[in-house]
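1. A predicted structure for the sequence below; I have some questions about it.
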Amino acid sequence: MAFGTLRLVEQGGYAADLLASRSGGLDSRDAGLASEIVLGALRHQVQLDFLIEHFSARAAARLDPEVRIALRMGIYQLRYLDRVPAHAAVSESVELVKRARRRSAAGLVNAILRKVNRNPAPWPDRATELSHPAWLLERWERHFGPETAAKIARANLAVPQTYVRVPSEPRASASGGLILEPTGLPGCFRLLAGDPSGWRIQDIGSQSIVPLLELAPGHRFLDLCAAPGNKTAQALEHGVRAVACDCHWSRLRPMKGLGCELVVLDGADSLPFTCRFDRILVDAPCSGTGTLAHNPEIKWRLQPSDLLELRQLQVRLLRNALERLAPGGRLVYSTCSLEPEENEEVVRNTGIPACVLAVHRRLPGIHPGDGFFAAVLTSNEPLNVSNCSLASGR
């Protein structure tokens with residue numbers, strides 16, 4: 001399954017979605033190993049391609065895609081995993097190439113993988129050592145400093161912790177075989193052991209956003225980009241009257257069980273509501289650079305020009321939302337991006353009078369979980385981003 005999933009990722013698919021849809025018939029151990037190989041190979045992709053060349057004197061880019069993927073998988077297992085015997089990793093990679101109708105490359109794959117060892121690699125540059133695009137590392141160094149940029153990149157190479165949302169449980173629970181550890185965020189627990197199937201899995205970074213709204217029973221609440229619904233469900237814990245929106249009914253359909261109003265709309269167009277909302281969440285579509293541990297393929301696809309295109313969409317979303325905010329209301333604009341174009345620059349460029357009450361920022365490697373940005377705005381004072389207060393996360 002791992003090989004087929006990586007082939008689909010190369011064709012534009014998303015690893016997490018593909019793994020979820022393709023692992024239904026596997027037992028938990030096999031599904032877990034497939035996930036570990038797929039995501040690990042994507043996280044370390046530049047390192048693996050360098051190692052292909054190091055052990056073969058052949059450029060990875062010049063190999064057939066099927067051969068390159070099989071070699072990445074094999075090298076990842078040989079260098080980074082302990083649970084797969086070396087002979088099994090080699091023989092399985094050779095068989096994968098044969099089954100992919102690249103039988104003529106089987107000898108090459110076998111010869112390369114038999115040279116692989118765990119000696120320290122002579123990484124040629126920082127981008128290879130940290131397995132990130134050079135342009136992305138350089139911008140993080142400018143914005144956050146070299147030390148923090150390296151911590152972010154190293155956190156993106158690690159297997160992320162799993163967090164679950166258990167709003168009614170005041171302490172860690174072992175029910176259902178789960179062992180949970182409470183975090184400093186109410187209702188957020190870190191998974192220590194057990195199968196979390198059937199529980200709401202939601203990263204701690206994601207769970208940190210809704211508390212910024214300071215919700216109370218009876219608040220009229222608009223979630224403008226609601227799917228897949230984790231933040232909407234978290235908001236409903238507070239007894240709000242919620243309207244959840246997204247562009248397509250297929251994205252909203254899984255949220256039917258939440259018991260709130262669901263509206264299909266494009267929030268970048270003018271909003272059809274005549275009422276104003278006490279609380280609004282704009283969890284905007286973004287580059288996702290704060291989630292690269294969970295979604296490593298993003299870093300190999302993203303281009304600097306994408307950030308400017310996304311900003312135009314994000315500005316329209318935030319401007320439209322501010323027009324529906326009640327006087328004295330509270331709006332949270334959030335992204336899982338680390339990039340200023342999608343964060344501070346969006347807040348500065350709405351053209352709608354508002355006041356920024358606080359800025360909330362989480363960075364991988366500095367704070368637990370994914371990276372997030374959020375600006376808390378209210379409608380009753382002129383916009384002044386320069387006076388933001390900085391919160392490191394709850």
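-> Looks like it came in fine.

2. In three-state terms, label V332 for me.
-> Put simply, V332 is strand when judged by DSSP: H, G, I helix; E, B strand; the rest coil.

3. Quick check: bridge partners of it?
-> L281, V376 (DSSP bridges).

4. From A2, how far off is it?
-> Using Cβ to Cβ, to the nearest Å, we find V332 at a distance of 38 Å from A2. Quick note: C-beta positions are derived from backbone N, CA and C, even for glycine.

5. what do you get for L63?
-> For L63, the distance to A2 - Cβ to Cβ - is 18 Å.

6. can you count the residues close to G4?
-> By other Cβ atoms under 10 Å, the residues close to G4 number 15.

7. which residues does the nearest residue to it once chain neighbours are set aside contact?
-> In space, and not counting its chain neighbours, G4 is closest to R22: 7.4 Å by Cβ to Cβ, 6 or more residues apart in numbering. By Cβ atoms under 8 Å, 6 or more residues apart in numbering, R22 lies in contact with 1, 4-5.

8. okay, those residues in a markdown table with pLDDT next?
-> Converted to a markdown table, those look like this (pLDDT from 0 to 100):
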| residue | pLDDT |
| --- | --- |
| M1 | 90 |
| G4 | 95 |
| T5 | 96 |
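
9. which residue is nearest the middle of this protein?
-> T291 (2.8 Å; Cα atoms, centre = their mean).

10. residue contacts, A15?
-> Applying Cβ under 8 Å, 6+ apart to A15 gives the contacts 5, 9, 38-39, 42, 295-297.

11. So which of those residues wins on neighbours?
-> Going by other Cβ under 10 Å, V38 tops the contacts of A15 with 27 neighbours.

12. So that residue belongs to a helix, correct?
-> Yes - residue state for V38 (three-state DSSP) corresponds to a helix.

13. Could you measure from it over to G74?
-> For V38, the distance to G74 equals 14 Å [Cβ to Cβ].

14. same thing with Q47?
-> Distance, Q47 to G74, by Cβ to Cβ: 14 Å.

15. per the record, what domains does the protein have?
-> Residue ranges for the domains of the chain, per automatic domain parsing: 2-124, 161-202, 203-391.

16. Please identify the most buried of those domains.
-> With neighbours taken as mean count of other Cβ atoms under 10 Å, the domains of the chain reach their highest mean count in domain 203-391, at a mean of 19.

17. Tell me where the model's unsure across the stretch 201-350 of the chain.
-> Scanning the stretch 201-350 of the chain for pLDDT under 70 picks out nothing.

18. Thank you kindly, that will do.
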